[in-house]
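In: Predicted model and sequence follow; I will ask about them next.
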Amino acid sequence: MNLTLKVWRQKDVQSQGRLVTYQATNVLSDMSFLEMLDVVNEDLMARGEDPIAFDSDCREGICGTCSMVINGKAHGGQPGTTVCQLHMRHFQDGQTILIEPWRARPFPVLKDLITDRSAFDRIIQAGGFVSVNTGGAPDGNALPIAKTAAEQASTKSLALFYLSAWKNSASAQAFAQLYADELGRKYSGLKLDTAAKSSTPAGVEEEIYSTDEGPVLITTRGKLVFVAESFDLELALKLSALILDAQGTGELRMTGVQPGAPGLNRRDGESREPLTAGLIRFFSDCGVMKAAVNAAVQAAR
């Protein structure tokens, strides 16, 4: 199609602007408005003339940098459409199109269709923003990040416990605090549950957190830190007491099922004490490492 363009041309802030007429020929209907201006500018530069200055950035209908007024309407008037996503099929062959900058007192014209956006930039730098659906990609500020119901259901069925030993009690307490500080990255609905905190013996520190996927227990005793995630709180407290009492204050001890249990053979050079039948039954009944100890349960009985 062939179009007549009346474009606002202005050399700089101090200069007087005026409308200049250009002919846009062989315009394809699938071109965007900015692509059409690109073609017009190529013709102007080929003739040694100054191209039409305009702003653009993403050209994906997101940022709004391409703001200009087309036939008296911001961005051309198509609902939810920025200039970069405004296609030439919305115009008729032979039509005259008036193109002007977005005029406002806080945004003086710098050149042609480019305005000084620094007043708006200062608002953004100060932390302000406006979320507008322009029909393209969703605004990142409008997307709350949370686990879906399906994701929560898939992880609610999982639980873990973790025991670590540290060089001294100060290191253990520092690790426990670091672990607690990172829980917010793993769980939604995280809250310190002071009401659920049980009475603890001297030398034991205990923190209980509620989450959307079950309680988290962090227990510190001397150089040891025990963590249980997503177990029922009663079971988590029982595990904490059982494992910390069994470990005592010595070096961490490794246990394993009887040699020969399917898939559970020791690695070369690895020394482990035999896992007692009572502990195997306890872990199995709790659902802890159930797949791993299932074969050993039969042997233990």
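Out: That came in fine, so what should we check first? Being a predicted model, the structure only gives us computed values, none of them experimental. Numbers count the residues shown, from 1 in each chain.
In: Leaving aside the residues adjacent along the chain, what's closest to residue 244?
Out: residue 221 (5.2 Å; CB to CB, 6 or more residues apart in numbering). C-beta coordinates here come from the backbone N, C-alpha and C atoms, glycine included.
In: for the one you found, what are its contacts?
Out: 203, 204, 205, 244 (CB atoms under 8 Å, 6 or more residues apart in numbering).
In: Near the third one, how many other residues are there?
Out: Using other CB atoms under 10 Å, the number of residues around residue 205 comes to 14.
In: and it, that's in a strand?
Out: Yes: membership of residue 205 in a strand is supported by DSSP: H, G, I helix; E, B strand; the rest coil.
In: partner residues bridging the residue nearest to residue 244?
Out: Residue 221 has these beta-bridge partners by DSSP bridges: residue 204, residue 224.
In: circling back to that earlier point, quick one: which of the contacts of residue 221 is nearest residue 99?
Out: Nearest to residue 99 among the contacts of residue 221, counting by CB to CB, is residue 205 at 69.3 Å.
In: For residue 168, see how far away that closest one is.
Out: Distance, residue 205 to residue 168, using CB to CB, to the nearest Å: 14 Å.
In: Confirm for me that residue 90 is in contact with residue 78.
Out: Yes: taking contacts as CB atoms under 8 Å, residue 90 lies within contact range of residue 78: 6.3 Å.
In: How many neighbouring residues does the residue nearest to residue 97 when sequence neighbours are not counted have?
Out: Distance criterion CB to CB, 6+ apart; nearest residue to residue 97, sequence neighbours excluded, is residue 5 at 5.4 Å. If you count neighbours by other CB under 10 Å, residue 5 ends up with 19.
In: worst-scoring helix or strand of this protein, pLDDT-wise?
Out: Lowest on mean pLDDT, DSSP states H and E among the helices and strands of the chain sits helix 290-300, with a mean of 45.
In: residue ranges for the helices of the protein, please.
Out: Taking DSSP state H as the test, the helices found in the chain are 33-46, 118-125, 149-156, 169-182, 233-247, 277-286, 290-300.
In: give the contact list for the residue nearest to residue 97.
Out: 21, 22, 23, 24, 40, 96, 97, 99 are the contacts of residue 5 under CB under 8 Å, 6+ apart.
In: Adding neighbour count and distance to residue 239, write those residues out as TSV.
Out: Putting these into TSV (neighbours: other CB atoms under 10 Å; distance: CB to CB, whole Å) gives the following:
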residue	neighbour count	distance to residue 239
21	9	82
22	19	78
23	10	81
24	19	75
40	20	73
96	12	79
97	18	73
99	22	71
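In: Closest one of those to residue 84?
Out: residue 99 (14.0 Å).
In: In contact with that closest one, which residues?
Out: Listed by CB under 8 Å, 6+ apart, the contact partners of residue 99 are 5, 6, 7, 8, 68, 69, 70, 113.
In: any chance of these in CSV, plus distance to residue 164?
Out: Output for the contacts of residue 99, formatted as CSV (distance: CB to CB, whole Å):
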residue, distance to residue 164
5, 71
6, 74
7, 69
8, 69
68, 61
69, 64
70, 65
113, 63
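In: Narrow those residues to those that are buried.
Out: When the contacts of residue 99 are checked for burial by 16 or more other CB atoms under 10 Å, the buried set is 5, 7, 8, 68, 69, 70, 113.
In: Can you tell me which of these lies closest to residue 160?
Out: residue 68 (56.7 Å).
In: Just give the nearest non-adjacent residue to the closest one, would you?
Out: Per CB to CB, 6+ apart, closest to residue 68 is residue 113, 5.0 Å.
In: Do I have it right that the one you found meets residue 103?
Out: No: using CB under 8 Å, residue 113 makes no contact with residue 103, being 10.6 Å away.
In: tally of neighbours for the residue lying closest to residue 214 once chain neighbours are set aside?
Out: In space, and not counting its chain neighbours, residue 214 is closest to residue 230: 3.8 Å by CB to CB, 6+ apart. Per other CB under 10 Å, the neighbour tally for residue 230 reads 18.
In: what's the distance between residue 230 and residue 216?
Out: For residue 230 relative to residue 216 (CB to CB), the value is 8 Å.
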